[in-house]
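Engineer: starting from these lines, generate the structure:
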Amino acid sequence: MLPVIYSMSVSLDGFIAGPAGEIGWSAPFPEQMRFHLEQTRHIAAYLCGSGLYREMLVWENAEETMAGEVELEFARIWRAIPKVVFSRTLETVTGNARLATADLATEIGRLRDQFDAGVIAVGGAGLAATAIDENLIDEYRQFVCPIILGEGTPYFPPLAAPVDLRLIESRILNSRTVYLRYERTR
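Structural biologist: Modelled structure (predicted):
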C-alpha cells in the first residue's frame, strides 16, 4: 500500500507561512532544490487544496519564466504527476489535474488502487489538517528553515490526541535547512 506523506518547509517555530501568507523565506537553496527533485520523482499522485494548486501553477509554464536546469527538470516531473484538487471555489483545473469528486479518504483509496509504486503526497495546511485528523498520513517530512515567525499558518493543526512518530531520516541539506522524516507508529 502506497504511503501518504505530508512534506512542507517549516519555520523553526512550526509555521509553513507567515501571518500574511508569506512563504518567500522558504525558497529552496540549490542543494535543497535538487533534493526536492529527487523526492518528486517518487510521487505517484499529489492531493492539494486550491491555494497550493494555484501556487504550483508556476511550474506549468516554467520554460517561459525559468532557466535553471534543476528547476526545468522539476517542472517536467511535476507536470507529469496526477493531481487531485480539493476546492469549493474552483470549477476547472488545468494540466494533469482533476477536481476531487469524493472525500479525502476515498480519493486516497482510489489512488492506492491505481498506482503500484511511489508515494501519495498531501500538500497544504488545510488539506493536511483533514488528513491528520482522519489518521491518513503515514509520513511527515519537514524542511526546517532557520527562521522564527512567531505566528502564521501552522504545519500541524490542533490535535484531539497525540500522534506518536518515529524519526526515520534526518540530514543537513545546507547551512540553513534540516530535513526531518518521521513515520507514524501504529
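Engineer: which residue of this structure sits farthest from its center?
Structural biologist: In the chain, Glu64 marks the outermost C-alpha relative to the chain mean, sitting 24.1 Å out by Cα atoms, centre = their mean.
Engineer: got the buried residues for the lowest-mean-pLDDT helix or strand in the chain?
Structural biologist: Least confident helix or strand of the chain, by mean pLDDT, DSSP states H and E, is helix 62-65 with a mean of 88. Along helix 62-65, these residues count as buried under the neighbour rule (16 or more other Cβ atoms under 10 Å): Ala62. To be clear about C-beta, it is placed using only N, CA and C from the backbone, and glycine gets the same treatment.
Engineer: so what touches the helix or strand just after it?
Structural biologist: Downstream of helix 62-65, the first helix or strand assigned by DSSP states H and E is helix 69-80. Here helix 69-80 makes contact (Cβ atoms under 8 Å, 6 or more residues apart in numbering) with 30, 33-34, 36-37, 40-41, 56, 59-60, 62-63, 66, 95-96.
Engineer: tell me the strands beside the helix or strand following helix 69-80, with direction?
Structural biologist: Counting by DSSP H and E, the next helix or strand C-terminal to helix 69-80 is strand 83-86. The partner list of strand 83-86 in its sheet, established with DSSP bridges, is strand 43-49 (parallel), strand 97-99 (parallel).
Engineer: before we move on, the earlier item: hmm, who's touching the least confident helix or strand of the chain?
Structural biologist: By Cβ under 8 Å, 6+ apart, helix 62-65 touches Val58, Glu71, Leu72, Phe74, Ala75.
Engineer: can we see that at 6 Å?
Structural biologist: Applying Cβ atoms under 6 Å, 6 or more residues apart in numbering, the contact partners of helix 62-65 are Leu72, Ala75.
Engineer: that older thread, can I get the strands paired with strand 83-86 in CSV including distance to Ile137?
Structural biologist: Listed next are these as CSV, based on distance: least, Cβ to Cβ, whole Å:
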stretch, distance to Ile137
strand 43-49, 11
strand 97-99, 21
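Engineer: for Ile120, see how far away the closest residue to Gly123 other than its chain neighbours is.
Structural biologist: Among residues not flanking Gly123 along the chain, Cys48 sits closest, at 4.2 Å (Cβ to Cβ, 6 or more residues apart in numbering). From Cys48 over to Ile120 the distance is 11 Å, taken as Cβ to Cβ, to the nearest Å.
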